[in-house]
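# Provide a 3D model corresponding to the input given below.
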Amino acid sequence: CFGEYLQPDSADKILRKACRRVGLIGVSSHSFRRTALTQMSDNGTPLRVIQEVSGHRNLQQLQAYIEVRDEQVLGALTGLSLLSPVENESGKILFPGLNPHLTHNDHTQTTQKP
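Model prediction:
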């Protein structure tokens, strides 16, 4: 082992072998990288800062690494739903459960009593 040159994928092989020993399958240095970048994004770190940290040349490359989860999409839609209900072409309210100010059968805003 001593005196040998490290290959570019040596660290990844060592990590995979160690993870297999403890029963973790499918773990790689790439999965650690994706997780770290996604966590930075989740914590509100601006994409340009994450790009600098990760060394990606452009935001398009970086975005392939950052995962978007369903609860994040739902959270974004919830924020929008507080502004006004969203209807499709036939007048049906989309995402009716997202706007707490709407009653089940009413399309108008309700006022909350103090």
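# Following the chain onward from the lowest-mean-pLDDT helix or strand in the chain, which element is next?
Taking mean pLDDT, DSSP states H and E as the measure, the helices and strands of the chain show their lowest mean at strand 86-87, namely a mean of 72. For strand 86-87, the following helix or strand on the C-terminal side (DSSP states H and E) is strand 93-94.
# Any idea how far that following strand is from the middle of the chain?
Relative to its chain's centre, strand 93-94 lies at 25 Å (C-alpha atoms, centre = their mean, to the nearest Å).
# which helices and strands does that strand pack with?
Secondary-structure packing of strand 93-94 (3 or more C-beta pairs under 8 Å, 6 or more residues apart in numbering; DSSP states H and E): strand 86-87. Just so you know, the C-beta spots here come from the backbone N, C-alpha and C atoms, and that holds for glycine as well.
# This structure - how does it break down into domains?
10-63, 79-114 (automatic domain parsing).
# of these, which approaches residue 71 most closely?
Residue 71 lies closest to domain 10-63 among the domains of the chain, at 10.3 Å (C-beta to C-beta).
# measure the closest one end to end?
The first residue of domain 10-63 is 26 Å away from its last residue (C-alpha to C-alpha, to the nearest Å).
# which element is the spatially most central residue of the chain on?
With distances taken as C-alpha atoms, centre = their mean, residue 68 lies nearest the centre of the chain, 3.0 Å away. For residue 68, there is no host helix or strand (DSSP H and E).
# List the backbone torsions phi and psi for it.
Dihedral pair for residue 68: phi -110, psi 120, per degrees, to the nearest 10.
# same thing with residue 65?
phi -90, psi -30.
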